[in-house]
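In: The sequence and its predicted three-dimensional model are supplied below.
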Amino acid sequence: MGVEKYTTPGGKTAWMVDLTATLPNGREVRFRKRKIPTREQAKALEAKTLQEVFDNTYFQNRRRDVVTVKQLWDAYEPICQRDNKSFKSNRGRAGHLLRHLAARDVMSLTRADVEEYRRERLEETTFRGKPPTSGTLNREIALLKRLISYAVDCERIPHSTIAHVPMLEEKNVRQRTISEEEIARIVAQAGPLLGPMFVTYYDTGMRKTELRLLRRSSLDLIRKVIRLRPEDTKTGRGRVVPLTGRVVAAIRSLPTPIGREQGEFVFANPETGGPWNDPYKLFKAVCKQVGIAGVWLHDTRRSFVTNARRRGSSESEVMKVTGHTTRSTFDRYNIVNEEDAREVIRRLEAGVASELAGTEPESRQDSVKIREGEAQEPKGPTGKSR
């Protein structure tokens with residue numbers, strides 16, 4: 001990048017030097033300095049730094065204070081608590097990092113240190129009595145990288161030494177979906193308070209916290225939609241979630257009628273007036289009562305994605321409803337089985353036969369039919385138009 005001009009938060013113009021150079025031993029170093037008053041000073045600093053690299057005196061001229069991992073977490077913790085909805089999870093991850101790396105100088109960390117951390121963690125057991133998964137270790141290393149990146153942004157350290165350390169391959173992707181018969185049994189057993197909440201999870205694919213904290217002000221039963229504000233979502237992006245007829249009926253059946261001044265939350269614990277504390281445990285308990293094993297509440301989200309795709313909705317349409325922002329994450333929820341693969345061939349063969357016969361190909365009965373100049377409204381997972 002070299003020398004660049006930028007505008008400070010206060011609206012003033014300043015200059016910065018941001019360059020990457022290769023030392024005689026082949027090691028790359030990144031130098032970054034902001035808040036330089038003039039372009040001439042920035043150019044002089046750039047030239048001085050490049051000369052130090054050429055003379056191999058770059059590190060000799062840069063004595064610095066040691067910055068430890070603990071110091072970085074102490075600085076980042078209040079920011080994480082303010083801005084990150086998963087702060088409690090991050091605090092737990094930070095606890096593991098600090099047990100192993102608290103006193104380490106962040107500028108001395110290498111990939112070897114990260115691998116050693118992973119090895120030591122795999123010798124430990126989680127509260128489930130098993131070693132941490134690859135996904136768990138990835139979240140911990142991702143947090144460590146965020147601590148270091150924040151320190152770079154705050155100019156406490158010049159660059160991250162582990163920015164390019166790769167993540168582990170995660171092999172714990174779940175494939176379980178919930179059938180219509182299973183959700184019917186779960187909703188019936190859950191009763192008039194929890195049943196409507198569980199069927200809404202199933203028919204909307206909303207995240208746990210999005211639905212748990214759903215406010216009456218976000219609900220429009222007349223137009224059959226939920227309007228989530230940016231602050232209500234994990235990604236910070238507002239979206240509209242359409243509702244099926246049975247969800248509207250279920251919400252209207254709640255003991256606390258919608259429209260009265262009887263609380264802020266749609267799905268509320270009548271004993272506290274606030275949202276249910278842990279829908280995961282409530283859902284698991286109901287599943288145990290009806291004899292359904294190996295099911296999590298989050299499987300309702302995967303079931304919605306899979307059902308909506310199989311019943312004719314395009315993947316981009318489903319992603320808009322669920323709030324998935326990346327295709328890679330969406331693919332983890334979109335379960336494709338052997339029958340789906342056969343359906344691809346059936347459609348291909350039907351298309352070939354129709355072309356030879358000079359007729360239009362037949363679609364699956366429950367698919368979205370697209371005609372020239374006319375498109376039907378995409379259908380939701382229950383087969384009803386959204």
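Out: On my side now, so go ahead.

In: where do the helices sit along the stretch 101-250 of the chain?
Out: In the stretch 101-250 of the chain, the segments counted as helices under DSSP state H, counting those that start in this stretch are 111-122, 134-153, 180-204, 208-212, 245-252.

In: Out of these, the one nearest Y6 is which?
Out: Smallest distance to Y6 across those (CB to CB): 13.2 Å, for helix 134-153. Backbone N, C-alpha and C define where each C-beta goes, glycine included.

In: Now do that closest one, average pLDDT.
Out: For helix 134-153, mean pLDDT rounds to 94.

In: quick revisit: reformat the helices of the stretch 101-250 of the chain as a markdown table; add distance to K5 and mean neighbour count.
Out: Converted to a markdown table, the helices of the stretch 101-250 of the chain look like this (distance: least, CB to CB, whole Å; neighbours: other CB atoms under 10 Å):
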| stretch | distance to K5 | mean neighbour count |
| --- | --- | --- |
| helix 111-122 | 35 | 14 |
| helix 134-153 | 18 | 18 |
| helix 180-204 | 47 | 19 |
| helix 208-212 | 41 | 20 |
| helix 245-252 | 53 | 17 |
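
In: And T329, what's its pLDDT?
Out: 72.

In: if we compare the helices of the stretch 101-250 of the chain, which one ends up closest to R128?
Out: Among the helices of the stretch 101-250 of the chain, helix 134-153 sits nearest to R128 (CB to CB), with 10.5 Å.

In: Between helix 111-122 and the closest one, find me the angle.
Out: Angle, helix 134-153 to helix 111-122, by axes from the mean of the first three to the mean of the last three CA atoms, to 10 degrees: 140 degrees.

In: Mind listing residues that contact helix 134-153?
Out: Residues from elsewhere that reach helix 134-153, judged by CB atoms under 8 Å, 6 or more residues apart in numbering: 32, 67, 69, 72-73, 75-76, 79, 89-90, 93-94, 96-97, 101, 106, 109, 114, 117-118, 121-122, 126, 157-163, 165, 167-172.

In: Confirm that F31 sits in a helix.
Out: No - counting by DSSP: H, G, I helix; E, B strand; the rest coil, F31 is located in no helix; its state is strand.

In: Just give the closest residue to it, not the sequence neighbours.
Out: Closest residue to F31 apart from its sequence neighbours, by CB to CB, 6 or more residues apart in numbering: T49 at 5.0 Å.

In: Residue ranges in the stretch 1-150 of the chain under the pLDDT threshold?
Out: Across the stretch 1-150 of the chain, the ranges flagged by pLDDT under 70 are 1, 59-64.
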